[in-house]
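S.K.: Sequence and predicted structure below; questions after.
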Amino acid sequence: QVQLVESGGGLVQAGGSLRLACTASGGTGAMGWFRQAPGKEREFVTAIGWRGDNIRYADSVKGRFTISRDNAMNTVYLQMNGLKPDDTAVYYCAARGSWLPSPSANANAYDSWGQGTQVTVSS
């Protein structure tokens with residue numbers, strides 16, 4: 001396991017943008033972002049393979065969110081554009097072991113998690 005530290009959350013108006021970052025304490029395999037809104041279960045947002053060329057998005061964020069990574073910095077980014085009030089949630093970064101390069105939409109596939117960062121979108 002590695003330590004994951006997220007940053008970049010905050011309050012934004014609908015239609016605005018935010019960029020989240022997640023830095024790992026060491027090398028990782030695939031990395032992903034999940035989110036949990038109040039009263040709801042944690043849900044998959046997006047994930048990226050180790051090479052950065054295998055990316056998955058939830059249908060709800062396709063065309064609005066972009067995931068990327070910088071392996072030299074052990075960091076994954078989530079650019080969120082066209083934010084909607086329904087995007088309001090705590091966003092969690094997750095990482096798979098370095099021997100697991102493929103992304104997954106299943107939270108159980110990840111063994112390292114960040115503490116979460118709040119994203120609030122006002123209408």
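M.R.: That came through fine.

S.K.: list the helices and strands the helix or strand that contains Ala94 packs on?
M.R.: For Ala94, the element it lies in under DSSP states H and E is strand 89-95. Helices and strands touching strand 89-95, as assessed by 3 or more C-beta pairs under 8 Å, 6 or more residues apart in numbering; DSSP states H and E, comprise strand 4-7, strand 18-24, strand 31-36, strand 112-113, strand 117-122. Where you see a C-beta, it was placed from the backbone N, CA and C, and this is true even at glycine.

S.K.: Put the alpha carbons of the last one into PDB.
M.R.: Read that as strand 117-122. Once non-C-alpha atoms are left out, strand 117-122 reads as follows in PDB (Å, rounded to 0.1, in the frame of the first residue of the first chain):
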ATOM      1  CA  THR A 117     -11.600  16.000  -0.700                       C
ATOM      2  CA  GLN A 118     -15.000  17.900  -0.700                       C
ATOM      3  CA  VAL A 119     -16.300  19.200  -3.900                       C
ATOM      4  CA  THR A 120     -19.400  21.400  -3.600                       C
ATOM      5  CA  VAL A 121     -21.300  22.700  -6.700                       C
ATOM      6  CA  SER A 122     -23.800  25.400  -6.100                       C
END
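
S.K.: Give me the mean pLDDT for it.
M.R.: For strand 117-122, mean pLDDT is 98.
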